[in-house]
Structure formats: structure tokens, C-alpha cells
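Undergrad: what shape does this take:
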Amino acid sequence: MIRRLFLEHPRAVGEGYFAHMGTALGFAGTLLGAGLACGVHALVPALCERTASRAIARLHDRMVVHRSRQPVAGGAAPVTARS
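TA: As a prediction, the model looks like this:
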């Protein structure tokens, strides 16, 4: 159970537990900032017009475009963007 909860997914994406934690926390911080920018934009439409969309594009680039494709243990298919 511990392995499934804490280790399988990080290994599936080619990271250790702490590396995956750092990556995920980095994404969380970026998304929180983008969410705050959306809130500011909702109140004052002239502000933060492209802040959230640029953040999402950067995250997509990091997560999908430049992800290193590594086979999952057991010779399964490479990791996809949904992992």
C-alpha cells in the first residue's frame, strides 16, 4: 500500500519521491499564482490579461512537450501526459 501511494507514480514518470514532490509543488505554486491572477482579472479586466494563459502554456510545455519518455517497469508502454 505504501509503495502504491508514494512510489509507483513518481517512478512511472521517471522521478524519485522527493524530485516528484518538488516538481508537483512547483506546479502547485504556478497554478496558485495563475488562479490569483484570474481573480484580479475578474475584478479589473485590464489587469493580468494573459498571466494565467502564459502560466498554463509554460506548464504544458514542461509537463507534456519536454517530459522525458521512460518506459514503466515491466516493459509497459511509455508514460503519457495523463500520468
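
Undergrad: A42 versus L36, what's the distance?
TA: Remark: distance between L36 and A42 (CB to CB, to the nearest Å) = 11 Å. Bear in mind the C-beta positions are built from the backbone N, C-alpha and C, glycine included.

Undergrad: okay, these two: which has more neighbours?
TA: L36 (13 against 10; other CB atoms under 10 Å).

Undergrad: and the gap between that one and A55?
TA: 10 Å.

Undergrad: so what's A37 up against?
TA: Counting by CB atoms under 8 Å, 6 or more residues apart in numbering, A37 touches C48, T51, A52, A55.

Undergrad: of the residues you listed, closest to A19?
TA: Closest approach to A19 among the contacts of A37 (CB to CB): A55, at 21.5 Å.

Undergrad: which residues of this protein fall in helices?
TA: Assigned by DSSP state H, the chain shows helices spanning 2-6, 8-12, 17-43, 51-60.

Undergrad: any chance of these in TSV, with mean pLDDT and distance to R67 too?
TA: TSV is the format used below for these (pLDDT from 0 to 100; distance: least, CB to CB, whole Å):
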stretch	mean pLDDT	distance to R67
helix 2-6	90	21
helix 8-12	92	11
helix 17-43	96	10
helix 51-60	95	10
